[in-house]
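> Sequence isn't available, so here's the structure alone:
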């Protein structure tokens, strides 16, 4: 047997070991998820009018914001965080905290989104859209693009059985601001626990900026959506100005969780129906 023949098994073993190590590398896996899922992540531009009333005094502000969303239907339905465009949960929590501090009542905050535009990928075109549906309980909102032209979209589909498991690393894909060319990037986190109330969801270890966006397994499967879940329980402790070092009442009242795919699937189906109805009425 020649030297070359004898060395082939060894060389093959080295190559297989290297390939296996690369496949198991978390960074390499997350990069593959980014490449595969980035086309589904879009930028939503919104003009947001905020009206705040305190003790009979009203202040108004209008600003242009950018939030990230995910295409969930080939017809142009985009999912995003409801708390990015609605102050309903914030209104409730702040009102309770002000009462705890003995402040006068009458605090109101209202946000109204308008002039909604969607940017796909790194393109310059802004596609007009309208607010089609929202679910404050699950902190999800949906906008429907009015005209796609020749665009072919890559929607994220939520399987019936998709859900993370405690201890699992998850991958989230988002995009930077237009000043950075809407560049896609990934974040990773760990599923650290599970809750049953106020609804089934999974605790995320660490903070991420991808609220309202899909959550993926390192192998690319859809597991659910990262969203804000309100506890529905009045925060305990020293109100807004709680002692330094302790968990704030706002953190007690709101946390980011992963909603399993099954829950999101049902909400997406309802949003599709509402978007179709609105489009049929000439919205």
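Happy to help now that I have it. If you're wondering where the values come from, they're calculated on a predicted model, not measured in any experiment.
> Just the helices from this protein, written as ranges.
Counting by DSSP state H, the chain has helices at residues 3-24, 26-37, 88-100, 249-253, 261-280.
> where does the stretch 51-200 of the chain dip in pLDDT?
88-106 (pLDDT under 70).
> let's see it at 50
Within the stretch 51-200 of the chain, the segments meeting pLDDT under 50 span 100-102, 104.
> Pull the contacting residues for the residue positioned nearest the centre of the chain.
Centroid-nearest residue in the chain: residue 212, 1.9 Å away (criterion: CA atoms, centre = their mean). By CB atoms under 8 Å, 6 or more residues apart in numbering, residue 212 lies in contact with 67-70, 79-82, 84, 139-141, 225-227. C-betas here are computed from N, CA, C, even on glycine.
> from these, which is closest to residue 61?
residue 84 (15.6 Å; CB to CB).
> May I have the residues that are in contact with that closest one?
So residue 84 contacts 65, 67, 141, 211, 212 (CB under 8 Å, 6+ apart).
> Would you mind giving the residues you listed as a markdown table with distance to residue 186 added?
Compiled in a markdown table, the contacts of residue 84 are given as follows (distance: CB to CB, whole Å):
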| residue | distance to residue 186 |
| --- | --- |
| 65 | 23 |
| 67 | 18 |
| 141 | 23 |
| 211 | 15 |
| 212 | 16 |
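> Quick one, which of these are buried?
67, 141, 211, 212 (16 or more other CB atoms under 10 Å).
> re earlier: ok, of the contacts of residue 212, which come out buried?
Neighbour-count burial (16+ other CB under 10 Å) applied to the contacts of residue 212 gives 67-70, 79-82, 84, 139-141, 225-227.
> Of these, which is the nearest to residue 218?
residue 226 (15.6 Å).
> who's in contact with the closest one?
Going by CB under 8 Å, 6+ apart, the list of residues near residue 226 reads 172, 204, 208, 210, 211, 212, 213, 214, 215, 256, 257, 258.
> Just those residues: which are in strands?
172, 204, 214, 215, 256, 257, 258 (DSSP state E).
> so what's the first one up against?
In this case it means residue 172. With contact set as CB under 8 Å, 6+ apart, residue 172 has these partners: 186, 187, 188, 189, 208, 210, 213, 214, 215, 216, 226.
> now the fourth one
Applying CB under 8 Å, 6+ apart to residue 215 gives the contacts 164, 170, 171, 172, 222, 223, 224, 225, 226, 258.
> Do I have it right that the last one meets residue 199?
In this case it means residue 258. No - with contact defined as CB atoms under 8 Å, residue 258 does not reach residue 199; the gap is 11.6 Å.
> Between those two, tell me which one has more neighbours.
Set side by side, residue 258 and residue 199 show more neighbours around residue 258, with 26 against 14, by other CB atoms under 10 Å.
> partners of that one in the sheet?
Beta-bridge pairing for residue 258 (DSSP bridges): residue 202, residue 226.
> Distance of it relative to residue 168?
10 Å (CB to CB, to the nearest Å).
> Just the pLDDT at the residue nearest to residue 207 when sequence neighbours are not counted, thanks.
Spatial nearest neighbour of residue 207, excluding adjacent residues (CB to CB, 6 or more residues apart in numbering): residue 256 at 7.4 Å. At residue 256, the pLDDT value in this model is 85.
> before we move on, back to that, any chance of the ones in strands among the contacts of residue 226 in CSV, plus distance to residue 264?
Output for the ones in strands among the contacts of residue 226, formatted as CSV (distance: CB to CB, whole Å):
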residue, distance to residue 264
172, 14
204, 15
214, 8
215, 10
256, 15
257, 12
258, 10
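> closest to residue 277 among those?
Nearest to residue 277 among those, counting by CB to CB, is residue 214 at 24.8 Å.
> Neighbours of that closest one, how many?
27.
> same question, the one 5 residues further on
Taking other CB under 10 Å as the criterion, the count of residues near residue 219 is 10.
> and it, how far is that from residue 149?
33 Å.
> try residue 207
37 Å.
> before we move on, what about residue 123?
Counting by CB to CB, the gap from residue 123 to residue 149 is 11 Å.
> between the two, who's got more neighbours?
Taking other CB under 10 Å, residue 123 and residue 149 do not tie; residue 123 has more neighbours (12 against 7).
> just to revisit the earlier point, just flag the most distant two among the contacts of residue 215.
171 and 225 (13.2 Å).
> re the thing from before, show me the common contact partners of residue 258 and residue 168, please.
Common neighbours of residue 258 and residue 168, counting by CB under 8 Å, 6+ apart, are residue 191.
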